[in-house]
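Novice: Would you be able to build a 3D model of this:
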Amino acid sequence: MKHTGADTKRDAVVTAVERFNRLKRLEALNARVRGQFKDFMTQKELKTLREAERKENAR
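Specialist: Residues are numbered from 1 along each chain as shown. Now for the predicted structure:
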(Lines give C-alpha, C1' and ligand atoms only; values in the text may rest on other atoms or scores of the structure.)
Protein backbone atom coordinates (compact mmCIF):
# COMPACT_ATOMS: atom_id res chain seq x y z
CA MET A 1 0.00 0.00 0.00
CA LYS A 2 2.87 2.37 0.68
CA HIS A 3 4.15 2.07 -2.91
CA THR A 4 0.79 2.77 -4.55
CA GLY A 5 -0.40 5.48 -2.19
CA ALA A 6 -3.63 3.54 -1.73
CA ASP A 7 -5.77 3.86 1.36
CA THR A 8 -7.08 0.30 1.28
CA LYS A 9 -5.77 -3.11 0.27
CA ARG A 10 -8.36 -3.25 -2.49
CA ASP A 11 -7.15 0.06 -3.96
CA ALA A 12 -3.57 -1.21 -3.82
CA VAL A 13 -4.49 -4.38 -5.70
CA VAL A 14 -6.54 -2.47 -8.29
CA THR A 15 -3.65 -0.07 -8.86
CA ALA A 16 -1.17 -2.93 -9.20
CA VAL A 17 -3.37 -4.74 -11.73
CA GLU A 18 -3.90 -1.54 -13.75
CA ARG A 19 -0.15 -0.90 -13.87
CA PHE A 20 0.56 -4.51 -14.83
CA ASN A 21 -2.02 -4.43 -17.63
CA ARG A 22 -0.63 -1.13 -18.95
CA LEU A 23 2.89 -2.55 -18.96
CA LYS A 24 1.76 -5.63 -20.89
CA ARG A 25 -0.09 -3.48 -23.47
CA LEU A 26 3.04 -1.36 -23.98
CA GLU A 27 5.20 -4.48 -24.35
CA ALA A 28 2.81 -5.82 -27.00
CA LEU A 29 2.83 -2.50 -28.85
CA ASN A 30 6.60 -2.38 -28.78
CA ALA A 31 6.82 -5.90 -30.18
CA ARG A 32 4.45 -4.97 -33.04
CA VAL A 33 6.16 -1.76 -34.16
CA ARG A 34 9.81 -2.62 -33.50
CA GLY A 35 11.79 -2.32 -36.70
CA GLN A 36 9.00 -0.77 -38.77
CA PHE A 37 10.44 2.75 -38.90
CA LYS A 38 13.10 2.53 -41.58
CA ASP A 39 13.52 6.28 -42.12
CA PHE A 40 14.12 7.31 -38.50
CA MET A 41 17.52 8.79 -37.85
CA THR A 42 19.98 7.06 -35.58
CA GLN A 43 21.08 8.54 -32.26
CA LYS A 44 24.42 9.44 -33.85
CA GLU A 45 22.68 11.29 -36.70
CA LEU A 46 20.46 13.13 -34.22
CA LYS A 47 23.46 14.16 -32.12
CA THR A 48 25.28 15.46 -35.22
CA LEU A 49 22.20 17.42 -36.30
CA ARG A 50 21.75 18.99 -32.86
CA GLU A 51 25.42 19.97 -32.68
CA ALA A 52 25.17 21.62 -36.09
CA GLU A 53 22.03 23.51 -35.02
CA ARG A 54 23.73 24.71 -31.82
CA LYS A 55 26.69 26.02 -33.80
CA GLU A 56 24.34 27.76 -36.22
CA ASN A 57 22.32 29.37 -33.43
CA ALA A 58 25.45 30.49 -31.60
CA ARG A 59 26.41 32.80 -34.46
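
Novice: Okay, and the residue most central in space within the chain sits in which element?
Specialist: With distances taken as Cα atoms, centre = their mean, Leu26 lies nearest the centre of the chain, 8.8 Å away. According to DSSP states H and E, Leu26 maps onto helix 9-33.

Novice: dump the residue contacts of the nearest residue to Asp11 once chain neighbours are set aside.
Specialist: Spatially, and ignoring its direct neighbours in sequence, Asp11 is nearest to Thr4 (7.1 Å; Cβ to Cβ, 6 or more residues apart in numbering). Yep, even glycine has a C-beta here, placed from its N, CA and C like the rest. Contacts were defined as Cβ atoms under 8 Å, 6 or more residues apart in numbering; by that measure Thr4 touches Asp11, Ala12, Thr15, Ala16.

Novice: count of residues packed around the third one?
Specialist: Neighbouring residues of Thr15 were enumerated by other Cβ atoms under 10 Å; the total is 15.

Novice: Find me the pLDDT at it, would you?
Specialist: The predicted local confidence for Thr15 comes out at a pLDDT of 93.

Novice: Can you give me the buried ones in the helix holding Leu26?
Specialist: Burial within helix 9-33, assessed by neighbour count using 16 or more other Cβ atoms under 10 Å, is assigned to Ala12.
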